[in-house]
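Student: Quick one: sequence plus predicted model below, questions after.
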Amino acid sequence: MTKPYVQYKRRTKIAALMQKIIDVPRSLRNAPKSKRFVYLAGKINKGSDSTNYRKRIAKLFRDHGLYALDPIRGKYNEERWDRYTDNEVVLRDIQDLKRAHVIFAVIINDGGFSFGTPCEIALSAMMFHVPIVLVTDIPNLYKHFWARAFCSRIFLAKEGELEKTIQEAAMHTIHWYGDDIEDEIYNEPKTL
């Protein structure tokens, strides 16, 4: 039988590890509670078109009062991937999906397939009832009834217009789900 102190110490180590995994990133810790979060779903592959947009779109969202929850934050160096088990990565992603106010997903045909992105979309739609904005260049996915049932809005990128379509979808997300929109109906009291 282990001593109570050893059990306590072991539990404390595990709790500290779990807190690191699901902890709010440093950039979000001091964010006002009114900030709205956008989860960036999409294939994670070094150098692919579905990964390159992330930093640019995160900055665009931040400029408009939305914070991007990027599943590859803190893991841009390849050495850092080995620090986490598969369960730790998925657990942090699920915590981010719970915290998100909207999911911004990019699924493109760039020679590979992401199993995680459809899982994130389905989980967000069924469990958390979060609006989902999807950008794709796959016509069958754009027309698919499951995608239409789960996603609030789907943008189809035509050949050579992926960047433009991602930008358009991001502006749509900012317009509909951002919290810095000036709207006279809500800001100004009506006078008779």
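Tutor: It's in.

Student: mind listing the helices for this protein?
Tutor: 4-22, 26-29, 49-52, 54-63, 78-81, 86-99, 116-123, 139-143, 145-150, 162-177, 184-187 (DSSP state H).

Student: Enumerate the positions of the fourth one that are buried.
Tutor: Buried residues in helix 54-63, defined by neighbour count with 16 or more other Cβ atoms under 10 Å: 54, 57-58, 60-61. All C-beta spots, glycine's among them, are computed from the backbone N, C-alpha and C.

Student: Low-confidence regions, this protein specifically.
Tutor: For the chain, the stretches with pLDDT under 70 are 1-34, 46-51, 74-82, 179-192.

Student: same thing but at 50, please
Tutor: Applying pLDDT under 50 to the chain flags the ranges 22-29, 181-192.

Student: from the buried residues of helix 54-63, which single one is nearest residue 41?
Tutor: When these are compared for distance to residue 41 (Cβ to Cβ), residue 54 comes out closest, at 10.5 Å.

Student: ok, now how distant is that closest one from residue 120?
Tutor: Computed as Cβ to Cβ, to the nearest Å, the residue 54 to residue 120 distance reads 14 Å.

Student: same question, residue 63
Tutor: 24 Å.

Student: Next: residue 56.
Tutor: Applying Cβ to Cβ to residue 56 and residue 120 gives a distance of 20 Å.

Student: Ok, residue 146 next?
Tutor: Distance, residue 146 to residue 120, using Cβ to Cβ: 14 Å.

Student: try residue 165
Tutor: From residue 165 to residue 120 the distance is 20 Å (Cβ to Cβ).

Student: Compare neighbour counts for those two and give me the winner.
Tutor: residue 120 (25 against 18; other Cβ atoms under 10 Å).

Student: How many residues are close by residue 170?
Tutor: Neighbour tally, residue 170, other Cβ under 10 Å: 23.

Student: should've said residue 52
Tutor: Neighbours of residue 52 using other Cβ under 10 Å come to 15.

Student: ok, residue 41 touching residue 103?
Tutor: Yes: the pair residue 41 / residue 103 is scored as a contact, 5.6 Å apart, by Cβ atoms under 8 Å.

Student: what sits in contact with each of those two?
Tutor: 120-121 (Cβ atoms under 8 Å, 6 or more residues apart in numbering).

Student: Could you tell me how far the nearest residue to residue 159 once chain neighbours are set aside is located from residue 164?
Tutor: Leaving out its chain neighbours, the residue that sits closest to residue 159 by Cβ to Cβ, 6 or more residues apart in numbering is residue 137, at 7.5 Å. As judged by Cβ to Cβ, residue 137 and residue 164 stand 12 Å apart.

Student: Next: residue 72.
Tutor: Residue 72 is 23 Å from residue 164, by Cβ to Cβ.

Student: These two - which one has more neighbours?
Tutor: Higher neighbour count among residue 72 and residue 164: residue 72, with 16 against 12, using other Cβ under 10 Å.
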